[in-house]
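J.: please find the sequence and the predicted model below.
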Protein chains: 2
Amino acid sequence: MTIRQDVQCDVLPVLCQSCDARCHGLCGALEPNQLVALAKASSRHSVPPGTELVGDAEAIETYSNLLSGVVKLTKGLADGRQQIVGLQFAPDFLGRPFKSESEINAEAATEVSLCSFPKAAIERMMREAPALEHRLLKQTLMELDEAREWMVTLGRKTAVEKVASFLFLIARNIDPTTDAGKESATFDLPLTRADIADFLGLTVETVSRQLTKLRTNGVIRINNNRHVVVDNVSRLQRCSGTWACSDT
Amino acid sequence: MTIRQDVQCDVLPVLCQSCDARCHGLCGALEPNQLVALAKASSRHSVPPGTELVGDAEAIETYSNLLSGVVKLTKGLADGRQQIVGLQFAPDFLGRPFKSESEINAEAATEVSLCSFPKAAIERMMREAPALEHRLLKQTLMELDEAREWMVTLGRKTAVEKVASFLFLIARNIDPTTDAGKESATFDLPLTRADIADFLGLTVETVSRQLTKLRTNGVIRINNNRHVVVDNVSRLQRCSGTWACSDT
DNA sequence: CGACCTCTTGAGGCAACTCAACGGAGGTGG
DNA sequence: CCACCTCCGTTGAGTTGCCTCAAGAGGTCG
């Protein structure tokens, strides 16, 4: 969708005109006048990796659209053990409606840019525009599907399969050149080895070993520790255990 | 809420008058006249344990309210490995809106009674009554919270902690006598050892051993393989790893 | 240059898995 | 009534996959 197709584009807030969230994100559910109202209360900002966006048991004051970068959602146990329970990519919506507290942490995994609005503004708008709530329901259902898919990975897959599943997940969400049916993928890992371990329920060492194994088997190539090339995506998928795997 | 408080209770469908789903379930979001319309298209039935309610990759034709019993949601890998990705208790809503197919199986874990309506009826009603969609969003968000809580259990807890977490989960959802602050709980396990293993990402043998360990440590008592008594719920919770545990 | 961080690799240990045997509960049929 | 089967759960012995601990390489920053 280009700007020319927006009949009222001249009245839209400048920031929103080229914003991906309006096409594929939550704002797509809003009428132009609603968008104007929301934009008045919104602000954009960029934060460096490691920034804590929502603290555990911290009051949630704002909701945000994730415009670029990757956000990790984590939960921790009292003794320090930690688990990443979700990754969010642009243009996901960030926040937990109907609760004043969150039991999860949200932290920028990469450089992240956000478009934030006060909690009250979006909740009022949600009451007025059922389409907004509908959009939110759809995203939540999608996140639930992803969470359940990941539960299979956590509970039933081996270490190699876990790492391959993770790489496959990232390839689908990060690589801008990925088309359906495309057989190769290239991307930078948005997470450190420690983060990957927390995501997969493994240790750093095991993650490192499995990456090495996949590399020596020719399933992936790695440059500079972060840059990954997958020549044959379906081979990677086969290693992820979703189907039978012979390349481990 | 008793029947006397329903000013129009005489026009309500007979089946709905004493139905828990109207108080705490999805039907609570409906006006009396909507309830009448939906009730006309609905039907109640009971099924024995093991009945498949929604098959993998099978078209979903009906939605249901779960009136009693426990339903397990499972996902499988090609080679037979299986993982339970969710448990549903009364009065949960059963079904996946906005998708014609489900990638998960739903199976009755115990004797289960349902109140079902055709997919089309509920989807039409959802467009008319935003309150219904709102209620659905709330349940979905709750399920997402539970799924994420469980990801921590799957990824980061030891076998004992997993089993204790499971027992704690069941105690909260099953024991009809459980009050907040009550220190004891009594219930029948709704799942076989094999099911519990699939829920926890363990093997049957390991589940059995950990149950024995909790029993010999006096955390739980077990009669007839299925009936469990927990004298000290907070001690059980301590074993679940949410906080530090000294009783393993 | 040293301090620090991330990542890799190796050696050894342990928690959970695999394989195997057995006992009890429930059903069926002679 | 008992003999026999199947299903479910328990327990033991041995194995293995991942964790733990330790060392070192490469990169970045003050």
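T.: Looks like it came in fine.
J.: so residue A:207 touches residue A:164, yeah?
T.: No: with contacts counted by Cβ atoms under 8 Å, residue A:207 stays clear of residue A:164, the gap being 11.5 Å. The C-beta positions use only the backbone N, C-alpha and C, and glycine is treated the same way.
J.: is the lengthiest helix in chain A up against chain B anywhere?
T.: As assigned by DSSP state H, the longest helix anywhere in chain A is helix A:130-156. Yes: contact of helix A:130-156 with chain B is found when judged by Cβ under 8 Å from any Cβ of the partner chain, involving A:130, A:133-134, A:136-138, A:140-141, A:143-145, A:147-152, A:154-156.
J.: what helix or strand is the one residue in chain A that gets nearest to DNA strand D on?
T.: Ranking the residues of chain A by distance to DNA strand D (Cβ to the nearest atom of the strand) places residue A:206 first, at 3.1 Å. Per DSSP states H and E: residue A:206 is located in helix A:204-216.
J.: now swap in residue A:63 and tell me
T.: Element membership for residue A:63 (DSSP H and E) is strand A:62-68.
J.: for that strand, C-alpha coordinates in PDB please.
T.: Once non-C-alpha atoms are left out, strand A:62-68 reads as follows in PDB (Å, rounded to 0.1, in the frame of the first residue of the first chain):
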ATOM      1  CA  THR A  62       2.000   3.100  28.400                       C
ATOM      2  CA  TYR A  63       1.300   0.900  25.500                       C
ATOM      3  CA  SER A  64       3.500   0.900  22.400                       C
ATOM      4  CA  ASN A  65       3.800  -0.200  18.800                       C
ATOM      5  CA  LEU A  66       7.100  -1.900  18.100                       C
ATOM      6  CA  LEU A  67       8.400  -0.200  15.000                       C
ATOM      7  CA  SER A  68      11.700  -1.900  14.600                       C
END
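J.: follow-up on the earlier one: between the longest helix of chain A and helix B:130-156, how many degrees?
T.: Helix A:130-156 and helix B:130-156 are oriented at 20 degrees to each other (axes from the mean of the first three to the mean of the last three Cα atoms, to 10 degrees).
J.: name the helices or strands packed onto helix A:130-156?
T.: Identification of packing neighbours for helix A:130-156 by 3 or more Cβ pairs under 8 Å, 6 or more residues apart in numbering or on different chains; DSSP states H and E yields strand A:82-89, helix A:119-128, helix A:159-173, strand B:70-76, strand B:82-89, helix B:130-156.
J.: number of residues surrounding residue A:233?
T.: Residues near residue A:233, counting by other Cβ atoms under 10 Å in any protein chain shown, number 20.
J.: ok, it to residue A:172 distance?
T.: In this view, residue A:233 and residue A:172 are 9 Å apart by Cβ to Cβ, to the nearest Å.
J.: residue A:138 too?
T.: When distance is defined by Cβ to Cβ, residue A:138 is 18 Å away from residue A:172.
J.: so what's residue A:187 up against?
T.: With contacts taken as Cβ atoms under 8 Å, 6 or more residues apart in numbering or on different chains, residue A:187 has the following neighbours: A:170-171, A:174-175, A:227-228.
J.: buried subset of the residues you listed as a ChimeraX selection?
T.: One line in ChimeraX is enough to select the buried members of the contacts of residue A:187, burial here meaning 16 or more other Cβ atoms under 10 Å in any protein chain shown:
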select /A:170,171,174,175,228
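J.: which of the contacts of residue A:187 has the weakest pLDDT?
T.: By pLDDT, residue A:175 ranks lowest within the contacts of residue A:187, coming in at 71.
J.: returning to that earlier point: list of residues touching the strand holding residue A:63?
T.: Here strand A:62-68 has contacts from A:19-21, A:25-27, A:44, A:53, A:88-95, A:97, A:111-119, A:122, using Cβ under 8 Å, 6+ apart.
J.: in the sheet, who's paired with the residue lying closest to residue A:122 once chain neighbours are set aside?
T.: In space, not counting the residues next to it along the chain, residue A:122 is nearest to residue A:63; the distance is 4.9 Å by Cβ to Cβ, 6 or more residues apart in numbering or on different chains. Each beta-bridge partner of residue A:63 is listed here: residue A:117, as defined by DSSP bridges.
J.: distance check, the closest residue to the residue of chain A closest to DNA strand D other than its chain neighbours against residue A:237.
T.: Of all residues not flanking residue A:206 in the chain, residue A:159 sits nearest, at 5.3 Å (Cβ to Cβ, 6+ apart). Computed as Cβ to Cβ, the residue A:159 to residue A:237 distance reads 17 Å.
J.: spatially central residue for chain A, please.
T.: Most central residue of chain A, judged by C-alpha distance to the mean C-alpha position with Cα atoms, centre = their mean, is residue A:88 at 1.8 Å.
J.: okay, that one: pLDDT?
T.: Model confidence at residue A:88, given as pLDDT, is 96.
J.: for residue A:133, give me its contacts.
T.: Counted by Cβ under 8 Å, 6+ apart, residue A:133 has contacts A:126, B:130, B:133-134, B:137.
J.: so can I have a markdown table of those showing pLDDT and distance to residue B:70?
T.: A markdown table is the format used below for the contacts of residue A:133 (pLDDT from 0 to 100; distance: Cβ to Cβ, whole Å):
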| residue | pLDDT | distance to residue B:70 |
| --- | --- | --- |
| A:126 | 85 | 33 |
| B:130 | 88 | 31 |
| B:133 | 90 | 26 |
| B:134 | 90 | 26 |
| B:137 | 92 | 24 |
